[in-house]
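**Student:** build the 3D model from these lines:
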Amino acid sequence: MSLFKRLAGQTAIYGLSSIVGRLLNYLLVPIYTRVFLKAEYGVVTEMYGYVGFLMIVFTYGMETSFFRYVKEKAYSHKVFSTAVISLLVSSVVLMVFFIGMAQPIANAIQYPDHSEYVIWFALVLGFDAIASIPFANLRYEERPIRFAVIKMVNIFTNMGLVLFFVVLAPKIADKVTFIQAIYSPDIRIGYIFIANLAASALTLLLLLPEFRKIRWEFDKALWKKMFWYAMPLMVAGFAGIVNEMLDRILLKYLLPFDLETNQAHLGVYGACYKLSILMTLFTQAFRYAAEPFFFAQSNQANAKTVYAVVMRYFVAAGVLIFLGVTFFIDIFKLFIGENFREGLFIVPILLLANLCLGIYYNLSIWYKLTDKTRIGAVIAVMGASITIVLNILLIPSIGYLGSAWATLICYASMVVISYFWSRKYYLIPYEIWRILQYVMLGILLFFVDKELTAMLSNGVVLYVLKAGVLLGYLGFVYWREKSGMGIG
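**Tutor:** Purely as a prediction, here's the structure:
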């Protein structure tokens with residue numbers, strides 16, 4: 001249990017930066033969806049879709065490759081230095097390319113009057129890529145507090161600048177000369193991007209002490225090993241971003257309306273997607289802690305048993321989040337503007353999709369430990385193919401509901417494929433029946449909640465019943481784990 005407590009503790013600390021920090025950033029969504037038009041927020045959603053794709057290109061799987069080779073402690077300092085130098089050089093080259101091609105790229109994505117968006121995001125991507133290995137090293141050294149503090153500074157800087165330029169500056173610009181010098185009402189959503197750039201730059205500065213550890217040794221032979229280990233991961237990551245982000249780009253082009261209406265639908269989809277963010281953040285926080293933890297445990301005799309137990313706990317917690325958000329969706333919906341709430345029906349689908357993604361992250365340890373990352377790439381490409389085909393087929397007829405279903409079907413398919421493939425190369429004794437019990441019970445309780453909501457008009461009674469159902473689920477999980485020797 002000490003292993004699981006350590007993993008849970010580090011997940012909680014990493015989650016402080018991801019969950020608490022992003023929840024603070026999440027509080028900006030009510031502002032965005034009340035200050036900006038649907039079409040404007042659609043632009044924000046689309047631009048961050050491109051960022052998701054390009055971040056894979058900028059980092060090309062080097063972070064996971066770092067974890068793979070740094071555990072060979074005899075030359076761990078070379079791994080750190082080689083990875084940092086590799087990303088530093090490639091990031092500078094890519095930043096120069098995108099800045100030089102800013103106008104043609106802006107023309108291609110139909111924002112010819114905003115080439116500055118391309119320049120700002122080229123810098124954001126470069127800064128974040130250079131910072132990725134120092135952050136990975138903090139995770140490897142099990143220094144989650146410093147990791148979390150720097151991440152929180154990033155979030156607070158981003159949030160503070162957005163609040164200043166989007167909320168405060170428009171109100172006082174006419175009264176304060178200094179504000180007039182730094183604020184332009186014409187930039188509007190551009191200030192979201194500027195705030196991101198400033199936060200990324202500050203983060204890089206805060207990581208300078210980590211860069212001092214670099215011996216500036218570039219081991220070419222080691223780099224080749226790391227690069228070829230990472231290449232399939234880059235393909236897998238790129239395919240993964242297709243699964244996660246492509247719908248936010250395709251909606252603009254496949255919806256059967258004019259450009260502005262399509263962007264408005266994209267804005268609604270992006271805002272409602274935010275309501276599934278608790279599952280996303282839980283998965284991300286877990287992944288931050290679990291990846292180095294899994295690699296560290298790989299040489300232990302009971303490693304496979306540990307992986308199996310972690311999977312059960314993860315699914316049980318993920319189902320709890322699914323139920324919590326769907327049971328109290330009438331509260332969560334207040335975080336987005338009233339004009340954006342027409343898409344709330346996709347939230348349960350997206351929550352389940354992100355739960356499946358988290359399960360897939362758990363499963364993916366088998367091909368990372370066995371150096372069969374090419375198989376991981378194949379699985380991700382298969383998922384991406386499902387995403388592309390289903391979005392093309394479904395968006396024209398049922399709009400962003402089709403994107404939500406495509407996301408769920410894609411991730412569920414990847415879970416099934418990865419599980420059965422893993423049995424051939426790295427058999428982990430997952431208790432499939434117990435995991436399915438948690439998922440099926442969660443879906444059943446979701447429909448029970450639907451019936452209760454339709455039957456009862458008294459809000460207080462309804463909330464008490466919802467809370468009781470959640471406690472009943474927790475009680476079942478505790479009993480099931482304790483009786484199955486999962487606890488104690």
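
**Student:** buried set for the host helix or strand of residue 136?
**Tutor:** Taking DSSP states H and E as the definition, one finds residue 136 inside helix 115-140. Neighbour-count burial for helix 115-140, with 16 or more other Cβ atoms under 10 Å as criterion, is recorded at 115, 117-140. Any C-beta I mention is one placed from the backbone N, CA and C, and that applies to glycine too.

**Student:** please, which helix or strand holds residue 87?
**Tutor:** Counting by DSSP H and E, residue 87 is found in helix 76-100.

**Student:** buried ones in that helix?
**Tutor:** Residues 78-88, 90-91, 94-95, 98-99 are the ones in helix 76-100 that count as buried (16+ other Cβ under 10 Å).

**Student:** elements contacting that helix?
**Tutor:** The helices and strands touching helix 76-100, judged by 3 or more Cβ pairs under 8 Å, 6 or more residues apart in numbering; DSSP states H and E, are helix 38-59, helix 62-70, helix 115-140, helix 220-254.

**Student:** with distance to residue 364 and mean pLDDT added, can I get these in CSV?
**Tutor:** Rendered in CSV, the data for those read as follows (distance: least, Cβ to Cβ, whole Å; pLDDT from 0 to 100):
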stretch, distance to residue 364, mean pLDDT
helix 38-59, 15, 88
helix 62-70, 10, 83
helix 115-140, 17, 92
helix 220-254, 8, 83
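
**Student:** could you dump those to a markdown table with distance to residue 297?
**Tutor:** Shown next, in a markdown table, are these (distance: least, Cβ to Cβ, whole Å):
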| stretch | distance to residue 297 |
| --- | --- |
| helix 38-59 | 25 |
| helix 62-70 | 12 |
| helix 115-140 | 14 |
| helix 220-254 | 19 |
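
**Student:** which ones are touching the residue nearest to residue 340 when sequence neighbours are not counted?
**Tutor:** In this structure, residue 340 finds its nearest non-sequential neighbour in residue 271, 4.1 Å apart by Cβ to Cβ, 6 or more residues apart in numbering. With contacts defined as Cβ atoms under 8 Å, 6 or more residues apart in numbering, residue 271 is in contact with 29, 32-33, 41, 336-337, 340, 343.

**Student:** so for the helix holding residue 87, mean pLDDT?
**Tutor:** Over the span of helix 76-100, the pLDDT mean works out to 91.

**Student:** so that helix versus helix 220-254, what angle?
**Tutor:** Computed by axes from the mean of the first three to the mean of the last three Cα atoms, to 10 degrees, the angle separating helix 76-100 from helix 220-254 equals 40 degrees.

**Student:** give me the contacts around helix 76-100.
**Tutor:** Contact with helix 76-100 is made by 57-60, 62, 65-66, 69-70, 72, 105, 118-119, 121-123, 125-127, 129-130, 132-134, 136-137, 211, 213-219, 222-223, 226-227, as judged by Cβ under 8 Å, 6+ apart.

**Student:** swap in 6 Å and give it another go.
**Tutor:** Contact with helix 76-100 is made by 58, 62, 66, 69-70, 119, 122, 126, 129-130, 133, 137, 214-215, 217-219, 222-223, as judged by Cβ atoms under 6 Å, 6 or more residues apart in numbering.
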